[in-house]
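structure of the sequence below:
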Amino acid sequence: MSFTSKISLPEDNKLVLAPLFLLESWPEDLGMAGSLNRGSDRPIPDAAPFKKDLSVIRDRWYGENVGIYRILNILKQFSVQSTFFLNGRIASRNRVLVEQIKNGGHEVATETFDHTYSFMKNYAEEKEDIRKSVDEITSAIGERPVGYLSPGLKPTFNTPNILVEERFRYWVDLDDDEWPYWMKVNAGKILVIPNMRYLNDYSTFSESARTPEELFKIWKDTFDYMYEEADKGDGRLILWDNHVFIAGRPNRSVYLSRFMKYVGEHKFVSFSRADRLADWCYEGNVKLLERTWDKSAISPP
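Purely as a prediction, here's the structure:
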């Protein structure tokens, strides 16, 4: 763990939760046999005369048509302001929705322009994709996004250097810690806020996945254990992803609501936008470790 002394959290909380909500746009090969973006069931075979699985495409559209509004209502019900990670294509085609997210008090952060994986791009291609997404979101809401998440939480060696060059403040791809730290790169440094990917709702997506009820238990067990740890004096942080086309469905939303209600029954706990956690770190409220993005990215330090 990247801290050894007693630390505090904003507003004297002992545990802060930062649920992230992903509203994503998908590339043209979605639903096709060779696509890197999978569906929830078996793909159409290569030999099929019709090459695209329309059920996969319409399943994703649910997030933008319905799921996002249910999520926004749940957050409003529990007075939670959160962070939404968008592909730039969402901002280019649905500015009214992006403005609605911002006007609800939420942070709008970014991924790539659509959900194409960064590991398929060279340095120039990855940088141009990120810049294109930033430009669309900035145009839509009048603010430049400061947080970044790679599609699939799969960065490249180039990613953090690009983020520093493009003036991002924080990055949420990595899951190698439970507390923020500085990542040093050639271009400077960026704040890493670790992502608890085992809490990700995508784990309920495929036919063989865990049930939403099982995921709720994992959320609750994680919260309970870390809340008990925090009683010993160290602050704790829980940050994880939720996809609106998944979490926005009724049989899953019920557990998100139940979890937020459960958290709200505890003292000295709060929900936070990711950018406000980043601001708190940049203001020097706690001394953070520094790591270097080199061979240690693939080997233990």
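
now do the same for the residue lying closest to residue 77 once chain neighbours are set aside: helix, strand or coil?
Distances taken as CB to CB, 6 or more residues apart in numbering put residue 257 closest to residue 77, at 7.3 Å, once the chain neighbours are dropped. Yep, even glycine has a C-beta here, placed from its N, CA and C like the rest. Put simply, residue 257 is helix when judged by DSSP: H, G, I helix; E, B strand; the rest coil.

ok, residue 257 touching residue 75?
No. Using CB atoms under 8 Å, residue 257 is not in contact with residue 75, being 10.0 Å away.

neighbour count: these two, which is higher?
More neighbours surround residue 75 than the other of residue 257 and residue 75, with 22 against 15 (other CB atoms under 10 Å).

show me the contacts for the more buried one.
Applying CB atoms under 8 Å, 6 or more residues apart in numbering to residue 75 gives the contacts 81-82, 104, 106.

repeat for residue 57
So residue 57 contacts 26, 30-31 (CB under 8 Å, 6+ apart).

so how far is residue 63 from it?
Taking CB to CB, to the nearest Å as the measure, residue 57 falls 12 Å from residue 63.

just to revisit the earlier point, who wins for most neighbours among the contacts of residue 75?
residue 82 (23 neighbours).

could you pull out the buried residues of the helix or strand bottoming out on mean pLDDT in the chain?
The weakest-scoring helix or strand in the chain, judged by mean pLDDT, DSSP states H and E, is helix 54-62 (a mean of 86). Within helix 54-62, the residues scored as buried using 16 or more other CB atoms under 10 Å are 56, 59-60.

quick check, nearest of those to residue 13?
residue 60 (35.3 Å; CB to CB).

I'd assumed residue 108 was in a strand, is it?
Yes. Checked against three-state DSSP, residue 108 lies within a strand.

below-threshold pLDDT in the stretch 101-250 of the chain: ranges please.
207-208 (pLDDT under 70).

pretty sure residue 237 sits in a helix.
No. Secondary structure assignment (three-state DSSP) places residue 237 in strand, not in a helix.

give me the neighbour count for it.
For residue 237, the neighbour count with other CB under 10 Å is 21.

shift numbering so it begins at 50
New numbering, starting at 50: the last item is residue 286.

ok, now which ones touch the spatially closest residue to it that is not a sequence neighbour?
Leaving out its chain neighbours, the residue that sits closest to residue 286 by CB to CB, 6+ apart is residue 65, at 5.4 Å. Under the criterion of CB under 8 Å, 6+ apart, the neighbours of residue 65 are 58-59, 284-287, 318-321, 326.

can you classify residue 65 as helix, strand or coil?
Using three-state DSSP, the structure places residue 65 in strand.

look up which residues are beta-bridged to it.
Under DSSP bridges, the beta-bridge partners of residue 65 are residue 286, residue 319.

give me the pLDDT for it.
We have a pLDDT of 94 for residue 65.

any idea how far it is from residue 251?
Computed with CB to CB, the distance linking residue 65 and residue 251 is 23 Å.

SS state for residue 291?
Three-state call for residue 291 (three-state DSSP): strand.

now do the strands in the stretch 100-249 of the chain.
For the stretch 100-249 of the chain, applying DSSP state E, counting those that start in this stretch gives strands covering 132-135, 156-159, 196-197, 219-220, 230-234, 237-241.

partners of the fourth one, with directions?
The reference is to strand 219-220. Short version: by DSSP bridges, strand 219-220 pairs with strand 196-197 (parallel), strand 237-241 (parallel).

deepest-packed of those, please.
Comparing the strands paired with strand 219-220 by mean neighbour count (mean count of other CB atoms under 10 Å), strand 196-197 comes out on top with a mean of 26.

quick one: contacts of that one?
Looking at what lies outside strand 196-197 - CB under 8 Å, 6+ apart - the contacts are 132, 134, 156, 158-160, 179, 212, 217-222, 323-324, 327.

make it 7 Å
Residues outside strand 196-197 that contact it (CB atoms under 7 Å, 6 or more residues apart in numbering): 132, 156, 158-159, 212, 217-221, 323-324.

go on, stretch 175-189?
Residues from elsewhere that reach stretch 175-189, judged by CB under 7 Å, 6+ apart: 135-137, 140-141, 144, 147-148, 157, 159-162, 167, 170, 193-194, 205, 207-208, 211, 215.
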